[in-house]
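Novice: fold the following.
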Amino acid sequence: MPKITFIAQDGNRHEVEVENGYSVMEAAINNDIDGIVAECGGACACATCHSYVDEAWLDKMPPMDDMEDSMLDAAYERKDNSRLTCQIEMKDELDGLVIHVADNEY
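Specialist: Numbers count the residues shown, from 1 in each chain. Reported below is the predicted structural model:
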């Protein structure tokens, strides 16, 4: 099973396993990762699962669609490596993915 390392805002690291086909957001919610609020439940309608993909993983990410891009405009402190975790589906190729949790509780 692929693994994701979530890095919280306080620097704590949490490594979790996630089944293929689940979103990064679902992995965070199922493992009680602080900072991933996911108010809309993964419908790409709130930006409260906003996170930063570690630079080493950017080239391996699926492309962002227009809906995610538009929703990220509402995210707090959007950066070049910002993504909505509800829009990233886990697969074996993403084993070891590192996600930095953004401030979603402002």
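
Novice: ok, how many other residues are close to the closest residue to Glu105 other than its chain neighbours?
Specialist: Among residues not flanking Glu105 along the chain, Val37 sits closest, at 6.2 Å (CB to CB, 6 or more residues apart in numbering). The C-beta positions use only the backbone N, C-alpha and C, and glycine is treated the same way. For Val37, the count of nearby residues is 16 (other CB atoms under 10 Å).

Novice: quick check: the gap between Val37 and Met25.
Specialist: Val37 sits 10 Å away from Met25, going by CB to CB, to the nearest Å.

Novice: what touches both of these two?
Specialist: Cys49 (CB atoms under 8 Å, 6 or more residues apart in numbering).

Novice: one step back: is it true that the residue nearest to Glu105 lies in a strand?
Specialist: No: applying DSSP: H, G, I helix; E, B strand; the rest coil, one finds Val37 to be coil, outside a strand.

Novice: just the residues contacting stretch 36-46, thanks.
Specialist: 6, 23, 25-26, 28-29, 48-49, 51, 67-68, 71, 84-87, 101, 104-105.
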